[in-house]
Every structure is written in C-alpha cells, then in structure tokens.
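>>> Have a look; sequence and predicted model below, questions after that.
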Amino acid sequence: MYAGIDIGSLTTKAVLINNEKIIGYKIIKTGSDPKQAGEIVFDKVIAEAGCEKKEVKYIVATGYGRVSLSFADHAVTELTCHARGVRHLDPAIDFIIDIGGQDSKTIKLGKNGNVVDFVMNDRCAAGTGRFLTMMAQALEVDMKKFSEFSISSQKPCPINSTCIVFAESEIISLLASGEAKEDIAAGLIQSIAKRVGNMAKRIGTNQNIAFVGGGAKNLGLRKALEETLKINFIPIKVEPQITGALGAAVLACKQYGG
Amino acid sequence: MELKTDENIGEVKTDFAMELEMAKDSGMKVVGSMCSYFPREIVLAAGAIPVGLCGTTEGPIEAAEVVLPADQCPMVKATYGRALNNTCPIFPLADCLVGETTCDGRKKMYELLAREKPMHVMELPQKPEEREALVHWTAEVHKLKSFIEDQLAVKITDKALKKAIKHMNRERFLLKEIHNCRKSHPVPVMGLDLVGLTTKMGYCVDRKGYVARLESLLAELKGRIKEEEFACSVDRPRILWTGLGNSLGCDKVLRLVEECGGVVVCQEGCGGVTRLDDMIDLDKEPLGAIAERYLKVTCSCMSPNNTRFEQIDRLISEYNIQGVIDLTWQSCHTFNIESYRVREVVNGKHGLPFLHIITDFSQSDVGQLRVRIEGFLEQVTLGEKPCV
C-alpha cells in the first residue's frame, strides 16, 4: 500500500493505493497549519480505509506544504504529481489544466507521463481558486450558485480587471449600475477562462486535455474554458481535486518505494 | 582564495565606500555608471575611478517610490533610490554620473536622477544592425569624452585611452577564462558563489589589484579542475541563466535554483559572459574602436536583439546545458516580450526545458518560485522530450 498527500493552500488531500488501484481518498480544509492538516488527512484516510499506518510502505508529499510533512518519505512538486496522477487514470491524456487555490497551471505531458513544459500564473491571484471564492463572496452567492449563474447568463458583462483587488471594485460598480449577478458571474468566469486559456496556448495545447484541481468543480468555468480552447475536456474518473495526491501515491509506488 | 562566499552586499558596499573615500582624499575622481553599455575605458583614461551604481537591492526602493510609480521595474526604482536618503554609501561619493537611453523606465528616471548629480546621458541607437547606428554611437562616445574632460578638468589623450583599452582587454580576457572553467563537468565553482565573488571583486578602486585577483581566481579554478576538486556532484542539472538577476543582492532566484538541486554553469547577460569575447582593437583609432565594442553589448532594448539568441544557441552547446532559466524583472516590458523568442531557441531548436520567471527584489514570492523551480528541475532530471 502507498500514500500520496497533497497539502494545498486551501485544501489537503490524501490518496491510498494498493496494486495501483485507489482504495481510499480524503479531502479536508488546510486551515492555518499545513503540517497538522497533513497529519489529520492521513489519519482519516487510513481510518476510513480500515487499515493501519504500518501497512503503508512509502509516502510522497506534494503541494505547497510538501516540505512541512515530516513523516513523508519524499517530496515532489504538484506539477509532476498531477502529470503522473492524470496519466495513471487515462494514458491518452497529454495536457493538464489545474486551477488550485493559490495558483493555476497548464502542464504538457510527454510520452511517459512526465512534465515536458508548464506555465504558471505570476505573482497574482487572478485565475486562481481564491479569486473565484472572493468573487463569489463579492456577489454574495455560494460557489454552486456562482457556477450555475455563469451558465444561465445570456449576456455576460465584460470584466476588464485581471487583478483581484480591482476586479472586486469593478463588481461593486457593475452591481451599482444595475447589472444582473448572473451576467457579472459569467463575465468573471470568462475573464479567467481567457487568461488560463492563453497560458495553455503559450506552450501549445494538445488535444486530450484534462481539467483538474478545485477549479474543475466549477461547471461554468469548465464550459468557458472548453469554449475558449475549442475542445472538450477528457472526463476523469475521480474527484478532480485529488489528482495531485494520486500522482504522489503513484510515484510512491512506481518511482521511489517500489 | 576562498571560493565560497556568503558576504552580505551591504558590507561589501560599506567597505568599498571607505576605500573610495580614501582615494578621493588623495585627489582621485569618481564616475558613476549605470549599465553594461558604459565605456569604462574613458573613465580609466581620465585617471578616474568608474563605479557601477545600478540598483540591485530592495533597500532603496521605498524611498524611490515617493517619486516614481510603484509599478516600475525594481532595477529602475532601486537605481534612483540609491541617490536618496543616504540609502547607498557609494552614491554620494560620485563626482558625476553617466547613463544611456536603454529602456523607457531608465531614460525617464535619469531626468530625475540628473537633479542629484551632474549627469550625462548617452543616446544609444536601438537598431544596432543598421550602418548608421555605429556612426551615431561613435559620436556619442566622443561627447562622453568631452563631458568627462569638462567635469574632471582633465585632458584624455589617445595614449591614455590605449593604455585603458589594453587594461580592460586584460580584464575581459581573464573573466572569459574564468567563465570557461565552468565548461568542466562537474563545475569547480557554484553559480551563486561566482556571482558573489565577481560582484564583490568588481567593487574596486585599484584596477591593477583587480586584475591580480582575477588572475588568482582563474589559477584557483584551473587548479581545482586539475585536482578534480569539484563544487558539486555530477548529477546536478546544468542550467544556463539568461536575462537579469545575476548579481549579489538580487540573487534570490539563482540561490533557489542551487538550493533546489540545480547548478548554474553559465550566465548570459549583464554580469555574465556577455560580450567578454569582444576585445577592443588596439590598432584602430581608440574612440571608434571603443564605440564598436560597446555597441555589440546585447540588451532587450535593442530591436532586434538577434545577437542574444545566437549567443544562447551557442552557449547551450558549449556549456552542455540541460535547461534554461530566463529571469525578467517585473514591469520590464522588453525582456518580458523577448522571452517568447528565447523560448523558441531553447524549446524549438534544442528541445530543452525552459522556464521564464518574472519577479522583483522582494522575498514575498519565494514559496511560489520554489514550486516552479523544483518542478522545472524535476522536468530536467526526468529528461523526457516533448512528443511531436
């Protein structure tokens, strides 16, 4: 049995695999103590799978908190982990878009499932999960509603600001001028889709693209990205948030611990 | 010579300021320069001390932002900030300053900097491949000579110019040889240590002493290669550095690359191997020959800046490079845009991993940068070529 733990800025994920099959996974909020979140998520995934810690032969940690996890055997970046996780699920996938809490990434995969190129957003929260959360808050709707709104809108408002701070004040002005919340939500989603879409195009997108990370749960964003890139994402068989942790577990099994 | 350096840039500057003050007490003059286009030979021929005053540390930025907009390149802000509030111990000692019309940020900032000291700005042609460019630049070098003569009340003779050229050729030759030692695998010195050493050694009053130190560094490196005393193990990915951020004080990304397991074996650009090959022809008329050499310096302010791409192409092969990192300071539009063409050379022509980083002098994004750099080094180590 092998484990992968992905400590992200907003959520911490753990995946357990045995014979290359997922036997359990868990997602919790990271909170203010990434080390503790890593310990808790590991305890929980072990308990839910009904096994014991000593059965786990090797643990790979990833995510921004990867170095804080003292009980992990090895740390690998989430870039490599997402690549390996997604490739494990579907050998045809050769490109990944990941929208996480504090950054967004576009990753190109090689034949063996390793990273051959990637681009990440630069020192800016626009195009990240946190941006979506903040914008939903500014519109006073929950994430589900925010996503639905953006699909039902017939005339999305153009949003000019790509900065989280200015986008918020732009929203307030739009609300004040009587624009519908759903059109503003749709405009915001489109602005992120354009930004992330261009990051993908910069390294040259392939055809078989998977959309992962917490952002992938947002159906409005998924649809907007598909329209921007003129493709349909390849559906993956698991929760899109756990591909990093899954890749870490796969690396634990195949690369380091096996 | 100790090849490991952990000296703080602040201490280096304070020590140098003290030496400068003593030299000034004995009647020497000091000329502050801003950039690699500055022909130092003219200052040496005037019997004065050339001092680089380009800003590479975070300290002076706060003072600069009172005047300059915050969303400017950190180098432009830090250079201006050195003139204010005693943030830099060296700046007050300069008798005059010389800048060049490189990027927009710099040339507009120089208008304000000129209020602090007598300043001359050389007009740098921006299409270096045109025949007229050299004609114009040669005229600018002549004007610089007159400015220095007026400011320092000296006469610059051809004889003194030739002597200065000979000296600077020697410096360039030694630096080139020092960089050449890094073609060895593994390298005899880590990238960060060499940057520390050369930055520190570059702050010097006595140029003859500087040459002696370069000679001893070169001998040390050659000795290390011969004795197989290497600075790291064979499995560290060999990285070519291009763009900016190649100097003590703004070395945070370079530091991260080596902390995360890479080794920077070659730097292209300011402070690196840029144009060290270009010796100045002693048989030619000195000012013309000086102009010719300095116009060959590469910078993204030039259009097109083709020599940079040719150089990167050549260095990748010569230094056995496994990945290339291109660093752009935030709000530096020209290096930022040019990175697309660097990627084309690295990815397209050589099929090597390429990472473009945009940052400033602050430490606030070190966590995010670490993910990128570690991921990049994983990419290099796993060594998979892109599918075509």
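Sure, I can see it. Numbering: from 1, shown residues only, chains lettered A, B, ... in the order given.
>>> Quick one: end-to-end distance for stretch A:22-38.
Stretch A:22-38 has an end-to-end distance of 19 Å (CA to CA, to the nearest Å).
>>> Wait, residue B:93 touches residue B:23, no?
No - taking contacts as CB atoms under 8 Å, residue B:93 lies outside contact range of residue B:23: 9.1 Å. All C-beta atoms are positioned from the backbone trio N, CA, C, and that covers glycine.
>>> Residues that sit against both of these two, list them.
Common contacts of residue B:93 and residue B:23 (CB atoms under 8 Å, 6 or more residues apart in numbering or on different chains): residue B:30.
>>> Backbone dihedrals for the spatially closest residue to residue B:95 that is not a sequence neighbour, please?
Spatial nearest neighbour of residue B:95, chain neighbours left out: residue B:29 (4.9 Å); criterion: CB to CB, 6 or more residues apart in numbering or on different chains. Backbone dihedrals for residue B:29, given as degrees, to the nearest 10, come out at phi -110, psi 160.
>>> pretty sure residue B:29 contacts residue B:149?
No - contact between residue B:29 and residue B:149 fails when scored by CB under 8 Å: they sit 11.5 Å apart.
>>> if you count what's nearby, which of these two comes out ahead?
Remark: of residue B:29 and residue B:149, residue B:29 carries more neighbours, 19 against 14, as counted by other CB atoms under 10 Å in any protein chain shown.
>>> What spatial separation is found between the more buried one and residue B:161?
Relative to residue B:161, residue B:29 is positioned 17 Å away (criterion: CB to CB, to the nearest Å).
>>> contacting residues for residue B:160?
The contact partners of residue B:160, by CB under 8 Å, 6+ apart, come to B:45-47.
>>> Which strand or helix spans the residue in the stretch 51-200 of chain B positioned nearest to chain A?
Distances between the stretch 51-200 of chain B and chain A by CB to the nearest CB are smallest at residue B:71, namely 10.9 Å. Applying DSSP states H and E as the criterion places residue B:71 outside every helix and strand.
>>> tell me the centre residue of chain A?
residue A:213 (1.5 Å; CA atoms, centre = their mean).
>>> Could you double-check that that residue sits in contact with residue A:129?
Yes - with contact defined as CB under 8 Å, residue A:213 counts as touching residue A:129 (7.1 Å).
>>> which residues do those two both contact?
Counting by CB under 8 Å, 6+ apart, the residues touching both residue A:213 and residue A:129 are A:99-100.
>>> what number of residues lie near the residue lying closest to residue B:64 once chain neighbours are set aside?
The spatial neighbour of residue B:64 that comes closest, neighbours along the chain excluded (CB to CB, 6+ apart), is residue B:81 at 3.5 Å. For residue B:81, the neighbour count with other CB under 10 Å is 26.
>>> quick one, helices of the chain?
The chain I'm using is chain A. Per DSSP state H, chain A carries helices over the ranges A:34-49, A:78-89, A:129-138, A:143-152, A:164-176, A:181-202, A:219-229, A:243-251.
>>> Chain B, not that one
B:9-25, B:40-45, B:61-64, B:74-81, B:104-113, B:131-152, B:158-180, B:191-202, B:207-226, B:252-259, B:286-295, B:306-318, B:333-343, B:366-382.
>>> what comes up buried for the fifth one?
In other words, helix B:104-113. Along helix B:104-113, the positions that meet the burial threshold by neighbour count (16 or more other CB atoms under 10 Å in any protein chain shown) are B:105-107, B:109-110, B:113.
>>> any idea which of those is closest to residue B:364?
When the buried residues of helix B:104-113 are compared for distance to residue B:364, the smallest value, 21.2 Å, is given by residue B:105; criterion: CB to CB.
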